[in-house]
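Colleague: show me how the following folds:
(3 chains)
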Amino acid sequence: MGQVAWKALFLSLFDYKTEKYVIAKNKKVGVLYRVVQLSILAYLVGWVFVVKKGYQDTDTSLQSSVITKLKGVAFTNTSELGERIWDVADYVIPPQGESVFFVMTNLIVTPNQRQAMCPESANIPDALCAKDTDCLEGEAVVAGNGVKTGRCLKDKGSTRGTCEILAWCPVEKRSKPKKPLLGSAENFTVYIKNSIRFPKFKFSKMNVLATDNESYLKTCRYSQEHPYCPIFVLGNIVRWAGGNFQEMASEGGVIGIQIEWNCDLDKAPSECNPHYSFSRLDNKSAETSISSGYNFRFAKYYRDAEGVDYRTLIKAYGIRFDVMVNGKAGKFNIIPTIINISSGLALMGAGAFFCDLVLLYLIKKSNFYRGKKYEEVKSSSRKSLSSPTLNGNQSPEQLGEL
Amino acid sequence: MGQVAWKALFLSLFDYKTEKYVIAKNKKVGVLYRVVQLSILAYLVGWVFVVKKGYQDTDTSLQSSVITKLKGVAFTNTSELGERIWDVADYVIPPQGESVFFVMTNLIVTPNQRQAMCPESANIPDALCAKDTDCLEGEAVVAGNGVKTGRCLKDKGSTRGTCEILAWCPVEKRSKPKKPLLGSAENFTVYIKNSIRFPKFKFSKMNVLATDNESYLKTCRYSQEHPYCPIFVLGNIVRWAGGNFQEMASEGGVIGIQIEWNCDLDKAPSECNPHYSFSRLDNKSAETSISSGYNFRFAKYYRDAEGVDYRTLIKAYGIRFDVMVNGKAGKFNIIPTIINISSGLALMGAGAFFCDLVLLYLIKKSNFYRGKKYEEVKSSSRKSLSSPTLNGNQSPEQLGEL
Amino acid sequence: MGQVAWKALFLSLFDYKTEKYVIAKNKKVGVLYRVVQLSILAYLVGWVFVVKKGYQDTDTSLQSSVITKLKGVAFTNTSELGERIWDVADYVIPPQGESVFFVMTNLIVTPNQRQAMCPESANIPDALCAKDTDCLEGEAVVAGNGVKTGRCLKDKGSTRGTCEILAWCPVEKRSKPKKPLLGSAENFTVYIKNSIRFPKFKFSKMNVLATDNESYLKTCRYSQEHPYCPIFVLGNIVRWAGGNFQEMASEGGVIGIQIEWNCDLDKAPSECNPHYSFSRLDNKSAETSISSGYNFRFAKYYRDAEGVDYRTLIKAYGIRFDVMVNGKAGKFNIIPTIINISSGLALMGAGAFFCDLVLLYLIKKSNFYRGKKYEEVKSSSRKSLSSPTLNGNQSPEQLGEL
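Modeller: Model (predicted):
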């Protein structure tokens, strides 16, 4: 081809090609198509964009820092411990004020334990014995407190007893106060400070109201009326989580404090506020009692004048609070917008395909429209490409379109 | 239909149907269309694929394990405590070296507290009294240290005093050293070991350089020049977070150490490296002083020769470091690639639709092109489907296309 | 235009426009197109929908709460400590039973440390000295235990010694038992209770089997045969993680216990079960010994009759277990379904485009088909729009289609 032909080729690149349409003057299918189009448009605008905010890029991996601080004192008067005051340093474990904190509300104290030999508790099946050979020396008691010494200790006249063990003696007696010792913990308050950051959008916020009124933050209590006050009464938290404080204080339990940040960063930062919810995390159903309640043991170690260690073992029952922060931030982004719009457009194509099926196969005159839509071409044997025969629209039988 | 007809139907399944196009020899719209096509292609390739890595599947839920270890000793000489050395076991709380650790830098010590009766601190508004009836017996002091005994203790000749309380006595005096006790903590170092794993891609890595040069890891300090050294000087961390160490050491505070893993797993694993950033998490603005600083109380319990418990209460001020790990790994995956490509193709369709609008409604000869693009067909009443009338391309008025 | 014209315009809105197709009776391209269509369909149905569950909306940000409880006692008999029993309160740090817990298996005890002056350990390079001026007064020993007093302490007749330091004296001697003290920790068990919640779908579950058979939960041990038993033997965990318990017990280490919840919420909740996996998180490779092992120091503080504090420093080696929960829940949702379907449809368009290329440029008769597919129109200079010339299909040269 000469230079002219190449120029023609180049120019033809800028010819605009547009699909040829056949107008089927069939009002039924026409109305159907418009209905389909409107439905898709309504779905796209109403559901995808307005409700689901499909035009936003979302960030769900937020960084969060939680500081907690408890306040409150309790007074107890028991035969065992006498009159005693419990303050924050006594009942909060660990003391640092992290996102998971434990308030001790009931306890079994076993004071003055020393390394010695003593009978194992009679409540442990593996420690029951009738004769010395039942207590294999050096064997640890299964789910027990020590290692067997090989002797079976029996009360006078009794045929059964418990193995003697090497342990911290005396062993813990298995009974705890029915009424929680620190039932008044119901009135304690906890101040929860939560800073969050959405790294993708470099957006930071805090759950503490930026207010001039400092005394508000000292005296307020969180409630429906004060949704932005970060100070919570423990009794309220347990009640909102569907629990009974006195019951949980006795047996222990775990309460989840969910803080949810659901932020639309296309709006003002002040619109991005935390939403609190409370739930009980340990299973309280009766049939699986092994999985309900919450307790753990710890000890305070002392040394006497002779340099021998002894300890006070404490089995602590109480409520563990897990502050769990999760959140989602959305901000306009062109990519999800385009993905959603173009999925809507592709859907329009699917709608057209569906209407085509109706037009071409389901209505009375479908044969006629099929003939119009499809133009059959067959290359003639003459190969006279410069003057092809016009044989479109004349073949009557157009079959089998998917 | 006979067998032959069925065969024809089956064969027609393999006829290839291709859309019929009308070539509009209009250079303006043609150029417009090519420009639109190129823009979409540039957006798809440049933005979606190169910048946003749209061909990758991403995993943002990484598993992370952090081990921290502090080093450093400080010497203090105060009238209260005398000459004293502070080492890691003294100032790191909790000692385990988890991702959240606290370095005590200032403290108020209240030694030898015992359960007894003593006057409440005069700084607590609820404990101020003029007469005994102001101190309701058995009532806890709001935001105070104990339970009122019912007596109002006044200095001689004074008309006002504070309620007597049952508490750990003496109560804490509310004053802390202006100058932080452990100001030299600025030179302490922390070694942060972080292992991460992207479960979706089964990819694990560690922030500690796999090096033969072990002494490098013992002597290096993280800085711009040593971005892969995992040993940080506390003073530097605070400075990079925009804080003043001595000020924070006095009042306490929370520093976030963000470790970000942004990994392109299509590249070599050695290209996947952590990026550290530091920020102050507690609000230091003056107007909300309630939310700034960081401190907590804990006690060391002792028992005297008579078996009576006493304790040393410590109000610890210091800097809490929260190591927060987040990350994102991307790896080639066919599904997001196809979604993005096909959204681009659908966009081409939208571009063609836009150019159609220009061609059919906005240019001078749009009526003519409308007539060409749309071929009106009407089923004739004769229903002679074997020879339909050719009435395409002759009706001049094609209106109302969306 | 009059009212009639407007009415016509309105009615024409409900004309159905359908693309005009050209049927190319070319079996090769026809078969190719059907193959392409089937491949896309198979990919869409088989991979995107069946394998990748592309019809589901997923939630990967789960809330999780973990409670752990250890059981087991160990007996040791060393020259230093004598016969001693170790129970849960002795070896679990911290005692609260959170998701990260540490089991002490080996330790270096330095009892009766007091604030005093003593020689620094000879293992610390910075403390070595030949004369007093090597020990700058008031300078902290780098990576050491105290502050130099300015004197160099030498053994008789030796020319080199170590600096005297102000520290908790005596300083720790750097040697630990080769054989782990609490090697029998291999048989300890840990009960892991994990509650999870997918906030997006408001779905909660627990890893403890809801069973009537309570004794099962007390006696079972997790294994391949008991995948839903939440009680684990420590030795098994370490073995499954690819470690050697006795070796790790001696040097310390970190084990990750991954709990993965991969839930298809379109199925019954009972089908949503945890999957456990175990991995070693600290680097155990020899070349970076600085990063292997796990240990930390803590102290127990005592006060003698004169009111002077002394402490027992413990360097604890042991295994830290990090329970890491991650998960993903999927539930049918219309939006991802539509995005995936329409990306498939757009792909069909891409397939047709590819077959067009074959038809129009690669086969023998492509020139002929090109002439059929593209109908060239040129507006005549007469602008007689009511009777445009029919000049489609006659121009032989259709070039340059993208």
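Colleague: quick one: mean pLDDT over the helix ranked longest in chain A.
Modeller: Ranked by residue count and defined by DSSP state H, the top helix of chain A is helix A:334-357. What helix A:334-357 shows for mean pLDDT is 80.
Colleague: equivalent analysis for stretch A:200-218, please.
Modeller: For stretch A:200-218, the per-residue pLDDT averages 79.
Colleague: in that stretch, what's buried?
Modeller: With burial defined by 16 or more other Cβ atoms under 10 Å in any protein chain shown, the residues of stretch A:200-218 counted as buried are A:K200, A:F201, A:F203, A:S204, A:K205, A:M206, A:N207, A:V208, A:L209, A:L217. Heads up, the C-betas are built off the backbone N, CA and C, glycines and all.
Colleague: output the residues you listed in a markdown table, with distance to B:W261 and secondary structure appended to each entry.
Modeller: Rendered in a markdown table, the data for the buried residues of stretch A:200-218 read as follows (distance: Cβ to Cβ, whole Å; DSSP: H, G, I helix; E, B strand; the rest coil):
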| residue | distance to B:W261 | secondary structure |
| --- | --- | --- |
| A:K200 | 14 | coil |
| A:F201 | 19 | coil |
| A:F203 | 20 | strand |
| A:S204 | 21 | strand |
| A:K205 | 24 | strand |
| A:M206 | 26 | strand |
| A:N207 | 28 | coil |
| A:V208 | 30 | coil |
| A:L209 | 34 | coil |
| A:L217 | 37 | helix |
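Colleague: out of the residues you listed, which is nearest to C:V29?
Modeller: Of all the buried residues of stretch A:200-218, the one sitting nearest C:V29 is A:K200; the distance, using Cβ to Cβ, is 46.8 Å.
Colleague: circling back: what sits up against the longest helix of chain A?
Modeller: Contacts made with helix A:334-357 from outside it, assessed by Cβ atoms under 8 Å, 6 or more residues apart in numbering or on different chains, are listed as A:29, A:32-33, A:36-37, A:40-41, A:43-44, A:48-49, A:54-57, A:373, B:47-48, B:52, B:54, B:339-340, B:342-344, B:346-347, B:349-350, C:16, C:18-19, C:338-339, C:341-343, C:345-346, C:349.
Colleague: who are the packing partners of the helix or strand following that helix?
Modeller: Note on helix A:334-357: by DSSP states H and E, the next helix or strand toward the C-terminus is helix A:366-373. Under the contact criterion of 3 or more Cβ pairs under 8 Å, 6 or more residues apart in numbering or on different chains; DSSP states H and E, the helices and strands touching helix A:366-373 comprise strand A:21-24, strand B:374-377, strand C:16-19.
Colleague: and helix A:366-373, what's its mean pLDDT?
Modeller: The average pLDDT for helix A:366-373 rounds to 82.
Colleague: please apply the same query to stretch A:277-294.
Modeller: The average pLDDT within stretch A:277-294 is 68.
Colleague: what distance separates the opening and closing residues of that stretch?
Modeller: Start-to-end span of stretch A:277-294 (Cα to Cα, to the nearest Å) is 21 Å.
Colleague: isn't A:H275 up against A:Y228?
Modeller: No. Under the criterion of Cβ atoms under 8 Å, A:H275 is not in contact with A:Y228, lying 10.5 Å apart.
Colleague: who has more neighbours out of those two?
Modeller: Shown here are A:H275 and A:Y228; by other Cβ atoms under 10 Å in any protein chain shown, A:Y228 has more neighbours (16 against 11).
Colleague: in the stretch 51-200 of chain A, what residue spans correspond to strands?
Modeller: Using DSSP state E, counting those that start in this stretch, the strands found in the stretch 51-200 of chain A span residues A:56-59, A:63-71, A:74-78, A:82-86, A:92-93, A:100-119, A:128-129, A:147-154, A:161-169, A:189-198.
Colleague: longest strand of chain A?
Modeller: Longest strand in chain A, counting residues (DSSP state E): strand A:309-332.
Colleague: and for whatever residue of the stretch 251-400 of chain A ends up closest to chain B, nearest residue in space, chain neighbours not counted?
Modeller: Across the stretch 251-400 of chain A, the shortest distance to chain B (Cβ to the nearest Cβ) belongs to A:S342, at 3.5 Å. Leaving aside its chain neighbours, A:S342 sits nearest to B:A346 (3.5 Å; criterion: Cβ to Cβ, 6 or more residues apart in numbering or on different chains).
Colleague: what's the local residue count around that neighbour?
Modeller: Counted by other Cβ under 10 Å, the residues lying close to B:A346 total 27.
Colleague: just A:G242 next, same as before
Modeller: Residues near A:G242, counting by other Cβ under 10 Å: 11.
Colleague: now do the contacts for it.
Modeller: A:S279, A:R280 are the contacts of A:G242 under Cβ under 8 Å, 6+ apart.
Colleague: give the helix, strand or coil label for it.
Modeller: coil (DSSP: H, G, I helix; E, B strand; the rest coil).
Colleague: can you give me the pLDDT of it?
Modeller: pLDDT, A:G242: 88.
Colleague: may I have the phi/psi pair for it?
Modeller: phi 80, psi 20 (degrees, to the nearest 10).
Colleague: what about it, distance to A:Y276?
Modeller: If you measure A:G242 against A:Y276 using Cβ to Cβ, to the nearest Å, the figure is 15 Å.
Colleague: likewise for A:F101?
Modeller: Looking at A:F101 against A:Y276, where the rule is Cβ to Cβ, the gap reads 16 Å.
Colleague: same check, this time on A:A140
Modeller: Using Cβ to Cβ, one gets 46 Å for the distance from A:A140 to A:Y276.
Colleague: more neighbours: which of the two?
Modeller: A:A140 (22 against 19).
Colleague: residues contacting that one?
Modeller: Neighbour list for A:A140: A:G146, A:V147, A:K148, C:G72, C:V73, C:A74, C:F75, C:S184, C:N187 [criterion: Cβ under 8 Å, 6+ apart].
Colleague: so what pairs up with it in the strands?
Modeller: The residues listed as beta-bridge partners of A:A140 by DSSP bridges are A:V147.
Colleague: what pLDDT, on average, does stretch A:12-23 get?
Modeller: Across stretch A:12-23, the average pLDDT comes to 82.
Colleague: in it, which residues are buried?
Modeller: A:S12, A:F14, A:D15, A:Y16, A:K17, A:T18, A:E19, A:K20, A:Y21, A:V22, A:I23.
Colleague: now those in JSON lines, with distance to chain B?
Modeller: Output for the buried residues of stretch A:12-23, formatted as JSON lines (distance: Cβ to the nearest Cβ, whole Å):
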{"residue": "A:S12", "distance to chain B": "8"}
{"residue": "A:F14", "distance to chain B": "4"}
{"residue": "A:D15", "distance to chain B": "5"}
{"residue": "A:Y16", "distance to chain B": "4"}
{"residue": "A:K17", "distance to chain B": "4"}
{"residue": "A:T18", "distance to chain B": "5"}
{"residue": "A:E19", "distance to chain B": "5"}
{"residue": "A:K20", "distance to chain B": "4"}
{"residue": "A:Y21", "distance to chain B": "5"}
{"residue": "A:V22", "distance to chain B": "5"}
{"residue": "A:I23", "distance to chain B": "5"}
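Colleague: near chain C too, which of those?
Modeller: With the criterion set as Cβ under 8 Å from any Cβ of the partner chain, the members of the buried residues of stretch A:12-23 near chain C are A:S12, A:D15, A:K17, A:E19, A:K20, A:Y21, A:V22, A:I23.
Colleague: turn those residues into JSON lines, columns for distance to C:F354.
Modeller: Rendered in JSON lines, the data for these read as follows (distance: Cβ to Cβ, whole Å):
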{"residue": "A:S12", "distance to C:F354": "21"}
{"residue": "A:D15", "distance to C:F354": "22"}
{"residue": "A:K17", "distance to C:F354": "17"}
{"residue": "A:E19", "distance to C:F354": "17"}
{"residue": "A:K20", "distance to C:F354": "21"}
{"residue": "A:Y21", "distance to C:F354": "23"}
{"residue": "A:V22", "distance to C:F354": "25"}
{"residue": "A:I23", "distance to C:F354": "29"}
